[in-house]
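K.L.:
missing the sequence, but the structure's below:
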């Protein structure tokens, strides 16, 4: 167990530096520096060298902006540590663990890997470009954090599956995860842990447990220690001392009062076993021809197709129906076959009116942004979609 009053005496985590980094982040600043000056590698460099006073300094992290304009979230180091303790207990991290830094440092998903390694006394390893699970196995990695696209590709190689099976824990998060992918991983005996959290909450707030049943793996897990989940009018609300401050909305000082709850904007419910099920975003719903349409419902069906690696649905203006769905799909199949597959499960008004292949400019670990896809559509259609049919 970590003593929060004695953080400066904690053992240092081992690490393999990627490259020299500039030290332009001024941790003692009482006002918010411009986002372009925030250098997370410089922050981490200070962290592992114990040069930060943990009780009143912290990080500024930019959210993905997947639902609109990105936010800048401030967390104290105490909040990061509190979040890390919960995950450490659930994933059984220890001073013998080696975590792979497989996600970007400019996101909470990557930064939290380093902080958890530090808190547990373990090590973290920076992988080379194009790394594989076999490389991770050869370097004694015990804990992996992946997005579904990464796991989807690794599952195509038998040697990678064998390597993944040797891990102590494989954390999955970031976006919707195909039930087919979870089922395949489960029957291949991969130690997957499905997670739910956000930048605002300093990483995970719910997660499945090691050796959970398949039915539970289809959920986003149960609440971790130090967090509470409430459902208010179908919206997921998180109560936790790890909730950060949106500095674009508040005048921030490093001694500001930390918020205790966060209305996520996600719709969901808790089942009888206390497992969270996320249904989609409250503000994603749109009306097409008088009917409510949830993009996430269409995406979940698309991901049931084993040939679909990823999918995202957005809405655009239409003179006749008000708004209609448009789909982007990452697949090697002809899109007409994907449409035929979807028609077996959904009503006609939920079938996308236009189909596009996944854009090449998105990398495997980048969280899809609906705003990005909306802007991308402007290249295909009239600027205001008035002529969209």
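P.N.:
Yep, that arrived. Everything numeric here is computed off the predicted structure, so don't read it as measured data.
K.L.:
which residues in the stretch 1-150 of the chain form helices?
P.N.:
40-48, 77-91, 108-120, 133-138, 148-154 (DSSP state H, counting those that start in this stretch).
K.L.:
Residue 244: which of those helices is closest?
P.N.:
The minimum distance between residue 244 and those falls on helix 77-91, with 6.7 Å, by C-beta to C-beta. Any C-beta I mention is one placed from the backbone N, CA and C, and that applies to glycine too.
K.L.:
quick revisit: any chance of the helices of the stretch 1-150 of the chain in CSV, with mean neighbour count, mean pLDDT and distance to residue 182 too?
P.N.:
Below are the helices of the stretch 1-150 of the chain laid out as CSV (neighbours: other C-beta atoms under 10 Å; pLDDT from 0 to 100; distance: least, C-beta to C-beta, whole Å):
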stretch, mean neighbour count, mean pLDDT, distance to residue 182
helix 40-48, 19, 45, 31
helix 77-91, 22, 92, 17
helix 108-120, 24, 92, 19
helix 133-138, 18, 96, 17
helix 148-154, 20, 89, 9
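K.L.:
Dump the ones you listed to JSON lines, plus distance to residue 315.
P.N.:
Formatted as JSON lines, the helices of the stretch 1-150 of the chain follow (distance: least, C-beta to C-beta, whole Å):
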{"stretch": "helix 40-48", "distance to residue 315": "34"}
{"stretch": "helix 77-91", "distance to residue 315": "34"}
{"stretch": "helix 108-120", "distance to residue 315": "28"}
{"stretch": "helix 133-138", "distance to residue 315": "37"}
{"stretch": "helix 148-154", "distance to residue 315": "23"}
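K.L.:
Those helices: which one's closest to residue 283?
P.N.:
helix 108-120 (21.3 Å).
K.L.:
Contacts made by stretch 154-164 with the rest, please.
P.N.:
Stretch 154-164 is contacted by residues 132-134, 136-137, 144, 146, 170, 181, 184-185, 188, 190 when judged by C-beta atoms under 8 Å, 6 or more residues apart in numbering.
K.L.:
repeat that with 10 Å
P.N.:
132-138, 141, 144, 146, 151, 153, 170, 181, 184-185, 188-192 (C-beta atoms under 10 Å, 6 or more residues apart in numbering).
K.L.:
same thing with stretch 336-350?
P.N.:
Contacts of stretch 336-350 (C-beta under 10 Å, 6+ apart): 288-295, 297-298, 300-302, 304-305, 307-308, 311, 313, 321, 324-325, 327, 329, 331, 333-334, 351-352, 355.
K.L.:
what's the spacing between the residue lying farthest from the centre of the chain and residue 378?
P.N.:
Most distant residue from the mean C-alpha position of the chain: residue 320, 36.2 Å away (C-alpha atoms, centre = their mean). Using C-beta to C-beta, to the nearest Å, one obtains 21 Å as the distance from residue 320 to residue 378.
K.L.:
again, but for residue 60
P.N.:
For residue 60, the distance to residue 378 - C-beta to C-beta - is 31 Å.
K.L.:
If you count surrounding residues, which of the two has more?
P.N.:
residue 60 (21 against 12; other C-beta atoms under 10 Å).
K.L.:
Surely the more buried one is in contact with residue 73?
P.N.:
Yes - contact status for residue 60 versus residue 73: in contact at 7.2 Å, counting by C-beta atoms under 10 Å.
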